[in-house]
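Visitor: Need the 3D shape of this:
(one chain, ligands or ions: 1)
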Amino acid sequence: MKLIICKNYDEMSAAAANIVAEAMKADPACVLGLATGSTPVGMYKKLIEMNKAGEIDFSGVTTVNLDEYYPISPENDQSYRYFMNENLFDHVNIDKTRTFVPDGQAADPAAACEAYEEIVAKVGPAAVQVLGIGQNGHIGFNEPDTALEVKTHVTGLTESTIKANARFFASEADVPTKALTMGIGTILGAKKIIILANGTAKHAAIAKMLEGKLDTSCPASMLNLHADVTVICDEAAYNG
Ligand code: F6R
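Guide: Take a look at the predicted model:
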């Protein structure tokens, strides 16, 4: 794993945005794998600025997001579809018909996961997959467990993730208890992966991942199987 340690959140966001921008310049019709949550918000802001400055063009880009709560409607302001519109898609020249997020209101969520896996296969490997990391080491919503799923699947959220995400909802009881998420294999299918982390709360998860062992109690450790992973974190996440 390559490691970029940044002074602060702003530097981390710029470093991540530059890697995504380079991929877009190299292939204007590339696929980007995207994440939600607080961590990538600064990176999205920088990408919007670059797009407005004419430095990068989203018109040919396809995006595939990692995950979505279940059940949730795309109009719910806590849905990941809503998040992506608000934080990126509504502010850049992207064709929204080429932006994919798992279907949080599918009648048959297992079938929706199969369909999503097919979409990811059809659009082709992401030039860059952007990841955040949970305090418990999750990537996407692949939570620590004795076994991890390979493909897109329905999953229950752990108590730790529900607590961590309650900050976005009116109360903890309002956090959906399930999600649809790419599996570890889906994520590892990207050509390049960048994983972002800031703040001391992420230190334990980052340290465990950097041990270089495969440990299902830290799903991010599975990234050690990939040949092109860059960890971009601030000093707080790296040093604790
Ligand atoms: C989001 C996702 C999650 C987050 C992780 C960190 O699409 O898949 O794995 O990346 O929970 O969330 P934040 O950035 O809010 O700390």
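Visitor: I figured residue 45 hits residue 13, correct?
Guide: Yes - counting by Cβ atoms under 8 Å, residue 45 does reach residue 13; the two are 7.1 Å apart. Placement of C-beta: from N, CA and C, glycine included.
Visitor: Looking only at neighbour counts, state which of the two leads.
Guide: Set residue 45 next to residue 13 and count neighbours by other Cβ atoms under 10 Å: residue 13 wins out with 24 against 17.
Visitor: what pLDDT does that one get?
Guide: You'll see residue 13 listed with a pLDDT of 98.
Visitor: Please name the bridge partners of the closest residue to residue 124 other than its chain neighbours.
Guide: Using Cβ to Cβ, 6 or more residues apart in numbering and skipping residues adjacent in sequence, the residue nearest residue 124 is residue 31, 5.7 Å away. Residue 31 has these beta-bridge partners by DSSP bridges: residue 62.
Visitor: Quick one: neighbours of residue 31, just the number.
Guide: Residue 31: 22 surrounding residues under other Cβ under 10 Å.
Visitor: I'd say it and residue 63 touch.
Guide: Yes - assessed by Cβ under 8 Å, residue 31 is found in contact with residue 63 at 7.2 Å.
Visitor: I'd like the distance between the residue of the chain found nearest the ligand and residue 193.
Guide: With Cβ to the nearest ligand atom, the shortest gap between the chain and the ligand falls at residue 132, namely 2.4 Å. Using Cβ to Cβ, to the nearest Å, residue 132 is found at 12 Å from residue 193.
Visitor: Name the residue in these two with the higher neighbour count.
Guide: Per other Cβ under 10 Å, whichever of residue 132 and residue 193 has more neighbours is residue 193, with 23 against 20.
Visitor: what's near enough to touch the more buried one?
Guide: Applying Cβ atoms under 8 Å, 6 or more residues apart in numbering to residue 193 gives the contacts 128, 129, 131, 187, 223, 226, 228, 229, 230.
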